[in-house]
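S.K.: got a structure for you, letters missing:
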Ligand SMILES: [Zn+2]
């Protein structure tokens, strides 16, 4: 296992698992798939199930150091990987899209907010935004989505949602994110 200093982290990278939404997959299933490809274990730090359950992968339990993941080629020593279950449908396995459930969106936004507490300099990126990545993963513009979530939180809830419906996170979560936005604005 390779552990690196938290201060190296510059990005939180969002992925889909490219598994069909009609079936259920757990972090343990992804772990098996990645081992079959020659990884030592699941390459992501977090896996978000369709019901919003967050499962852990690579180790983030140590203070000040993170276990290097295997999810974004060339960027693994400076990023944290979050993967959501899904991203394709049966019969269209090569057509990635944003299949996130509302529960997944809430879980993802809350997890990102927590990670930004620990890695305050990190930016949110989709896998496809990373240098040299030839992929549709995660099927949506992760940076724009996160910016919209923060904008909705800073605009006191869903007043702006009509103009920007894409984030679709719950009112309760937006309230939680307000504190993050306030701290960010002060910085
Ligand atoms: Zn990916």
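M.R.: Arrived safely. The structure presented is a predicted model; accordingly, all values stated were derived computationally and were not measured.
S.K.: from now on I want contacts and neighbour counts done on CA atoms only, so please keep to that.
M.R.: Noted.
S.K.: measure residue 41 to residue 2 for me?
M.R.: Separation of residue 41 from residue 2 (Cα to Cα, to the nearest Å): 12 Å.
S.K.: how about the backbone phi and psi for the closest residue to the ion within the chain?
M.R.: Nearest residue of the chain to the ion: residue 15, at 4.0 Å (Cα to the ion). Dihedral angles of residue 15 (phi, psi; degrees, to the nearest 10) stand at phi -130, psi 160.
S.K.: same question for residue 123.
M.R.: phi -110, psi 160.
S.K.: hmm, back to that, give me the neighbour count for the residue of the chain closest to the ion.
M.R.: 27 (other Cα atoms under 10 Å).
S.K.: still on that earlier bit, quick one, which of residue 41 and residue 2 is more surrounded?
M.R.: Each of residue 41 and residue 2 has its neighbours counted (other Cα under 10 Å); residue 41 has more, 19 against 10.
S.K.: thought that one was touching residue 35?
M.R.: Yes. Between residue 41 and residue 35 there is a contact under Cα atoms under 8 Å: 5.4 Å.
S.K.: thinking again about what came up before, can you pull the contacts of the residue of the chain closest to the ion?
M.R.: 81-84, 126-127, 137-138 (Cα atoms under 8 Å, 6 or more residues apart in numbering).
S.K.: all set now, cheers.
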